[in-house]
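Colleague: Okay, predicted coordinates and the sequence, questions at the end:
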Amino acid sequence: MQKSIAVWLLACCALVFAMVVVGGVTRLTESGLSIVEWQPIVGTMPPLSQKDWDELFEKYHQSPQYKKVNLGMSLDEFKGIFWWEYFHRLLGRVIGLAFFIPFLYFMAKKAIDRPLGLRLTGIFILGGLQGAMGWYMVKSGLVDNPHVSQYRLTAHLGLAFIIYATMFWVALELLSPTRASHGNIRLRRIRRFSVIITTLIFIMILSGGFVAGIRAGLAYNTFPLMNGHFIPPEIFILEPWYRNFFDNMATVQFDHRMIAWTLAILIPIFWYKSRGLPLSGPARFSCSLLLVMLAIQISLGISTLLLVVPLPLAAAHQAGAVLLFTAALWVNHQLRRQ
C-alpha cells in the first residue's frame with residue numbers, strides 16, 4: 001500500500017507540473033485577468049450558450065485590463081484568453097479532487113499512519129491556501145492597474161513549488177526511506193552542498209517570478225552582456241534603493257542572470273566532487289542528471305531571452321525550472337540514502 005500512496009503522490013506532482021506550465025502560459029498570454037470573479041463551485045462550468053459568453057464578456061468590459069489594454073477586443077479574441085485562465089483554474093480544482101479523494105480512500109483503508117496523515121493534511125491545507133493566493137493575485141489586477149502584482153505572482157509561484165516539493169519528497173520517502181546513518185565527513189559535506197544548490201535553485205525560481213511579473217524578459221535581450229554592459233547602468237535608478245530588486249527590469253533580470261551564473265559554476269563543481277565518492281548507481285545518476293538539467297535549463301533561458309520570450313520557449317523554460325528543481329530534490333534524497 002505504501003507504493004500505491006507514493007504513486008498517487010507522484011501523479012499529483014505531475015498535475016502540479018502541468019499546472020505550473022499552464023500558469024506560465026496564462027501569464028505570458030495575459031489571460032489571467034480574463035475571469036473577473038472567483039467562483040470555486042459555480043465557476044467549474046464553462047460558458048455553454050451565447051448568453052453566457054455575453055455576460056462574461058460584459059463583466060470583462062468593466063476590468064482595467066479591457067479599458068486600458070484590450071479596448072475594442074472582439075468576443076472571439078476574448079475567448080482566446082478566457083480558455084487559458086479557465087483551464088488553469090479547472091486544473092487547480094482537478095488537483096484538489098485528485099488529492100482529496102484518494103486521501104480519504106487511503107484513510108478509510110487505514111493505510112496512512114498518524115505522522116504521514118499529518119503531512120498529507122498539511123499538503124492539502126497548502127493546496128487550499130494556493131487557491132486563495134491565486135485569487136488574491138488576480139484581484140491585484142482588477143482594481144486600477146491592469147497587471148497583477150509581481151509580489152503576489154511570485155508568492156503564488158513559490159507556494160506551488162513548495163507543494164510540489166513536499167509531495168515529491170514524501171513519495172520518495174515512501175518508495176526509498178532514508179537511513180539514519182550520517183556517513184563520513186566528505187559525504188556530509190556534499191549533502192550540505194546539495195542543500196545549498198537546491199536552495200539557490202528555489203531562489204532562482206522566485207527571481208524568475210519577478211522577471212515574469214514585471215516583464216523583465218522583454219528588455220536587455222542580449223547575452224552574455226546586457227545591452228553591452230555586464231552591470232547595466234540603470235541598475236539602481238529607483239528610490240528607495242531596495243525597490244530596484246523588485247520593480248526595476250534591469251536589476252531583476254541581472255539578479256536572475258547572476259543566480260544562473262552561480263549555479264553554472266556550483267553544479268559542475270558539485271558533480272565533480274560527487275565522482276570522487278563511493279555513491280550508489282542511482283545517486284551517481286541523479287548527480288549527472290542535475291548537471292544535464294542545468295545545461296538544458298540555461299540553454300532554454302538564453303534562447304528565450306535572445307528571441308524576446310516566444311511562447312513555446314518561455315513555457316519550456318518554466319517547465320525546465322520544475323524539472324531542474326525535481327532533479328535537485330532527488331539528489332538530496334539519494335545522498336541521504338548513502
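Modeller: Alright, I've got the coordinates. Numbering: from 1, shown residues only.

Colleague: Buried residues in stretch 229-239, which are they?
Modeller: Neighbour-count burial for stretch 229-239, counted by 16 or more other CB atoms under 10 Å, picks out 232, 234, 235, 238. For glycine as for every other residue, the C-beta is placed from the backbone atoms N, C-alpha and C.

Colleague: hang on, residue 197 in a helix?
Modeller: Yes - counting by DSSP: H, G, I helix; E, B strand; the rest coil, residue 197 falls inside a helix.

Colleague: isn't residue 212 right up against residue 153?
Modeller: Yes - at 6.7 Å, residue 212 and residue 153 qualify as touching, with contact defined as CB atoms under 8 Å.

Colleague: Overlap in contacts, the two.
Modeller: With contacts taken as CB atoms under 8 Å, 6 or more residues apart in numbering, residue 212 and residue 153 have residue 27 as neighbours in common.

Colleague: quick one, what contacts residue 77?
Modeller: Here residue 77 is in contact with residue 70 (criterion: CB under 8 Å, 6+ apart).

Colleague: what's the pLDDT at it?
Modeller: We have a pLDDT of 94 for residue 77.

Colleague: Check which element follows the host helix or strand of it along the chain.
Modeller: Using DSSP states H and E, the element containing residue 77 is helix 75-108. Next helix or strand after helix 75-108 toward the C-terminus (DSSP H and E): helix 114-139.

Colleague: buried stuff in that following helix?
Modeller: 116, 119-120, 123, 126-127, 130-131, 133-134, 136-138.

Colleague: Also stretch 321-337?
Modeller: Within stretch 321-337, the residues scored as buried using 16+ other CB under 10 Å are 321-322, 324-337.

Colleague: For stretch 173-185, the averaged confidence score.
Modeller: The average pLDDT within stretch 173-185 is 78.

Colleague: For it, give the distance from the opening residue to the closing one.
Modeller: End-to-end distance of stretch 173-185 (CA to CA, to the nearest Å): 23 Å.

Colleague: farthest residue from the center of the chain?
Modeller: Relative to the centre of the chain, the most outlying C-alpha is that of residue 51, 35.8 Å out, by CA atoms, centre = their mean.

Colleague: which residues are contacting the helix or strand harbouring that residue?
Modeller: Secondary structure from DSSP H and E places residue 51 in helix 50-61. By CB under 8 Å, 6+ apart, the list of residues contacting helix 50-61 from outside reads 34, 35, 36, 37, 47, 66, 67, 75, 78, 79, 82.

Colleague: Go again with 7 Å.
Modeller: If you take CB atoms under 7 Å, 6 or more residues apart in numbering as the criterion, helix 50-61 is touched by 34, 36, 47, 66, 75, 78, 82.

Colleague: Is it possible to mark the buried ones in the residues you listed?
Modeller: Applying 16+ other CB under 10 Å to those flags 34, 36, 66, 78, 82 as buried.

Colleague: Nearest to residue 109 among those residues?
Modeller: Ranked by distance to residue 109 (CB to CB), the buried ones among the contacts of helix 50-61 are led by residue 82 at 40.6 Å.

Colleague: show me the contacts for the residue nearest to the closest one when sequence neighbours are not counted.
Modeller: What sits nearest to residue 82 in space, not counting adjacent residues and going by CB to CB, 6 or more residues apart in numbering, is residue 34, at 4.6 Å. By CB under 7 Å, 6+ apart, residue 34 lies in contact with 60, 78, 81, 82, 85.

Colleague: tell me the SS of residue 34?
Modeller: At residue 34, secondary structure determined by three-state DSSP is coil.

Colleague: hang on, the earlier thing: which one of the buried residues of stretch 321-337 is nearest residue 157?
Modeller: Of all those, residue 157 sits closest to residue 321, with 9.3 Å by CB to CB.

Colleague: hang on, the closest one packs against residue 206?
Modeller: No - applying CB atoms under 7 Å, one finds residue 321 not in contact with residue 206, separated by 10.4 Å.

Colleague: before we move on, back to that, can you list the buried ones among the contacts of helix 50-61 in JSON lines and add distance to residue 163?
Modeller: Formatted as JSON lines, these follow (distance: CB to CB, whole Å):
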{"residue": "34", "distance to residue 163": "25"}
{"residue": "36", "distance to residue 163": "26"}
{"residue": "66", "distance to residue 163": "32"}
{"residue": "78", "distance to residue 163": "31"}
{"residue": "82", "distance to residue 163": "26"}
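
Colleague: what pLDDT does residue 338 get?
Modeller: pLDDT recorded at residue 338 is 80.

Colleague: Next up, the contacts around it.
Modeller: Counting by CB under 7 Å, 6+ apart, residue 338 touches 183, 187, 279, 280, 283.

Colleague: what about the stretch 151-300 of the chain, any weak spots by pLDDT?
Modeller: Across the stretch 151-300 of the chain, the ranges flagged by pLDDT under 70 are 179-183.

Colleague: let's see it at 90
Modeller: 176-186 (pLDDT under 90).

Colleague: Show me the strands in it, by range?
Modeller: Counting by DSSP state E, counting those that start in this stretch, no segments of the stretch 151-300 of the chain form strands.
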